[in-house]
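> When you get a sec, could you give me coordinates for this:
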Amino acid sequence: MTTENSLQPIDPQAELPHRKIIRSWLIPLSEKDTFKAITLLTVDFIILGALLIGTVYFQAWWVKLLCSLTAGFWIGRIFIIGHDACHQSLTPHRLLNKWLGRIAFLPGVSPYSLWDVGHNVVHHGYTNLKGVDFVWQPASLEEYQQMTPMRQFLERIYRSGWAPGIYYINEIWWKKMMFPSKSAMGTQRKSFFWDSLLCASFGILWAIAVIVAAIATDQSILSLLFFTWLLPLFFWFSMIGFVVYVQHTHTKVVWHDNKAEWAKAQPFVSTTVHLLFKFQFGALLHHIMEHTAHHVDMSIPLYKLKNAQAQLEYMLPERIVVQPFSWSWYFRTAKSCKLYDYKEKHWIDFKGNPTPQAL
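Numbering: from 1, shown residues only. Now for the predicted structure:
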């Protein structure tokens, strides 16, 4: 941090302070700014609209492709703002956050109330606790061996490194986010149905608008649906599947199958990865990769996460998993982190071989 810091770092060998103490270090960074939040959301929506218009207006396929992929990325940026709203960390106003969150989740076709339960309650409340936190939860060797051949095939596809979008669409969005059964979510609420209906209706109306635009501009309906609807959504689903994977998958990240052991480990620090990107790319992701700070205190707005992460890494040297991002690191991780040995607390491959600890 660039400002003078009166707090002294905690010895890496000392007992990890209680979460309340750690969060107290970040209190000055939890103040929200309504004007900044709405400005960020408005600008990102304008850019997304311009990109989608570009997929219709420009005739060259490569320009359509560029606009389409960038639109998918921008859906992710808008979703990150909605993610903050869902955490009540975007503005100081609870009701405003709920509506801003619902609006921001529409381009990603993601129901607000279901994300609230699955992400805020389950993922943040029980990060990396087997049987509760379902996002990218690794199976044990015994569980993998008991799977059907089809399910084993899916596990290999999901954890290949090439298919985070397929994983997210099937295992999270379809099963947990769109009109899920009570058994899938553990509970049922009226808001689940209405938010699912809202997002499904938005997705359908979006597709209809593209069809109308194709007819009006004398373009192929299937081609325009691909560039203006299907590809941006698939890029977005791949983006969020990838982001959540790299935030919680690393040879140093631990999973637990015992709640008491999990609680003692204070998992809000030990189960997240801070990825470092070149060229300030993390800022393009609204600093969501400063993920340890986010898990320590969900009330910190995205526009203050960078300073919060720096404060944590200053106070807790050698405690936080910090990883410079590269595609070679990512695919080495995907190759190594297939299953998990919950007894020995390390990652294994599909044959049960332990993962190298230094990637």
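
> could you give the mean pLDDT of the helix or strand containing residue 295?
Per DSSP states H and E: residue 295 is located in helix 291-296. What helix 291-296 shows for mean pLDDT is 90.

> now swap in stretch 301-315 and tell me
92.

> Return the set of buried residues in it.
For stretch 301-315, the neighbour count (16 or more other C-beta atoms under 10 Å) marks 301-313, 315 as buried. Any C-beta I mention is one placed from the backbone N, CA and C, and that applies to glycine too.

> Tell me the gap between stretch 258-276 and the middle of its chain.
Mean-position distance between stretch 258-276 and its chain equals 17 Å (C-alpha atoms, centre = their mean, to the nearest Å).

> What lies in contact with it?
Here stretch 258-276 makes contact (C-beta atoms under 8 Å, 6 or more residues apart in numbering) with 16, 19, 22, 126-129, 246-250, 253-256, 282, 289-292, 294-296, 309, 313, 316, 319-325.

> Narrow the residues you listed to those that are buried.
Members of those classed as buried by 16+ other C-beta under 10 Å are 16, 22, 126-129, 246-250, 253-256, 282, 289-292, 294-296, 309, 313, 316, 319-321, 323, 325.

> Which ones among these map onto helices?
Among these, the members found in helices (DSSP state H) are 22, 246, 247, 248, 282, 291, 292, 294, 295, 296, 309, 313.

> out of those, what pair is the most spread apart?
22 and 246 (23.1 Å; C-beta to C-beta).

> give me every residue that touches the closest residue in space to residue 213 that isn't next to it in sequence.
Counting by C-beta to C-beta, 6 or more residues apart in numbering, residue 56 is the residue found nearest to residue 213 once chain neighbours are left out, at 5.0 Å. Residues near residue 56 by C-beta under 8 Å, 6+ apart: 210, 213, 214, 217, 219, 224, 228.

> what's the answer for residue 58, then?
64, 67.

> separation between it and residue 45?
Here residue 58 is placed at a distance of 20 Å from residue 45 (C-beta to C-beta, to the nearest Å).

> what's the answer for residue 157, then?
Distance, residue 157 to residue 45, using C-beta to C-beta: 34 Å.

> Could you check which of the two has the larger neighbour count?
Counting neighbours by other C-beta atoms under 10 Å for residue 157 and for residue 45 shows that residue 45 has the greater number, 18 against 13.

> How is that one assigned, secondary-structure-wise?
helix (DSSP: H, G, I helix; E, B strand; the rest coil).

> so it touches residue 78, yeah?
Yes - at 6.5 Å, residue 45 counts as touching residue 78 under the criterion of C-beta atoms under 8 Å.

> residues near the residue lying closest to residue 86 once chain neighbours are set aside, how many?
What sits nearest to residue 86 in space, not counting adjacent residues and going by C-beta to C-beta, 6+ apart, is residue 101, at 4.6 Å. By other C-beta under 10 Å, 25 other residues sit near residue 101.

> Show which residues not belonging to the helix or strand where residue 101 lies make contact with it.
Element membership of residue 101, judged by DSSP H and E, is helix 94-105. With contact meaning C-beta under 8 Å, 6+ apart, helix 94-105 is reached by 34, 37-38, 41, 78-79, 81-83, 85-86, 88, 90-91, 111-112, 115, 195, 198-199.

> again, only using 7 Å
Applying C-beta atoms under 7 Å, 6 or more residues apart in numbering, the external contacts of helix 94-105 come out as 41, 78, 79, 81, 82, 85, 86, 88, 90, 91, 112, 115.

> With neighbour count as added columns, please give those residues in a markdown table.
A markdown table is the format used below for the contacts of helix 94-105 (neighbours: other C-beta atoms under 10 Å):
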| residue | neighbour count |
| --- | --- |
| 41 | 21 |
| 78 | 23 |
| 79 | 26 |
| 81 | 26 |
| 82 | 24 |
| 85 | 26 |
| 86 | 25 |
| 88 | 19 |
| 90 | 28 |
| 91 | 20 |
| 112 | 25 |
| 115 | 22 |
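
> Among these, which lie within helices?
Counting by DSSP H, the part of the contacts of helix 94-105 found in helices is 41, 78, 79, 81, 82, 85, 86, 112, 115.

> Now flag whichever of the buried residues of stretch 301-315 is closest to residue 49.
For the buried residues of stretch 301-315, the nearest to residue 49 is residue 302 (21.3 Å; C-beta to C-beta).

> show me what contacts that closest one?
So residue 302 contacts 80, 84, 286, 287, 288 (C-beta under 7 Å, 6+ apart).

> end-to-end on stretch 270-284?
Start-to-end span of stretch 270-284 (C-alpha to C-alpha, to the nearest Å) is 25 Å.

> Correction: the previous question concerned stretch 156-167.
By C-alpha to C-alpha, the extent of stretch 156-167 from end to end equals 11 Å.

> What average pLDDT does that stretch get?
Averaging pLDDT along stretch 156-167 yields 96.

> Need the residues that contact it.
Stretch 156-167 has contacts (C-beta under 7 Å, 6+ apart) with 234, 237, 238, 241, 242, 245, 330, 331, 334, 338, 350.
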